[in-house]
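**Q** Next input, structure requested:
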Amino acid sequence: MKYTTLCYIEKENKYLMLYRNKKKNDMNQGKWLGVGGHKEEGESIEECLLREVYEETGLKLLNYELCGKLHFYIDDFYEVSYLYKSTEFEGNLIDCDEGRLEWVIKNEILNLPLWEGDYLFLNKLLNNEPYFEMKLVYKNDCLKEWELL
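**A** Sure, this is the predicted structure:
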């Protein structure tokens, strides 16, 4: 099992989104995502969040809120992702080696090419719903099942 963080940083009614288009053999190629990544050994989830956001964006989060926990079952792989949002940060955006960073108007995000399950949890995030946990089951890159836990 792997642990990851996923953060949607908000500014002026926009979320910072990452269009994954730079890495070879990237399972997220051609998709828009929030920022974040894999927890390293000995690191807390919050430390992972702060490190990954800084490494991918150059931004230092000043506040953040845990909004949910996502349980991804992808073929024979299981990953737990902690879903955050942040409205306060400092720093300047950098070039990300995983793709293009872009501020996207919140009501346009669901029109982007996303993973099928992302539409489900992003809808909750965009509607400021309270903390939730969601199970998402993928087979061959297609969402086969999902449920709120």
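
**Q** which stretches of this protein form strands?
**A** Here the chain has its strands, by DSSP state E, at 2-11, 14-20, 32-33, 60-74, 77-90, 99-105, 132-139, 142-148.

**Q** so how far is the third one off the chain centroid?
**A** Mean C-alpha position of strand 32-33 versus that of the full chain (Cα atoms, centre = their mean, to the nearest Å) differs by 7 Å.

**Q** which of the residues in stretch 49-60 are buried?
**A** Residues of stretch 49-60 classed as buried: 49-54, 56-57, 59 (neighbour count, 16 or more other Cβ atoms under 10 Å). Any C-beta I mention is one placed from the backbone N, CA and C, and that applies to glycine too.

**Q** quick revisit: out of the strands of the chain, which gets nearest to Gly117?
**A** strand 132-139 (3.9 Å; Cβ to Cβ).

**Q** May I have the closest one as CSV, with CA atoms only?
**A** Provided in CSV are the C-alpha atoms of strand 132-139 (Å, rounded to 0.1, in the frame of the first residue of the first chain):
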residue,chain,number,x,y,z
PHE,A,132,-15.6,12.5,3.3
GLU,A,133,-13.9,9.2,2.4
MET,A,134,-14.4,7.6,-1.0
LYS,A,135,-13.4,4.2,-2.5
LEU,A,136,-12.6,4.2,-6.2
VAL,A,137,-11.9,1.0,-8.1
TYR,A,138,-10.2,1.1,-11.5
LYS,A,139,-9.6,-1.8,-13.9
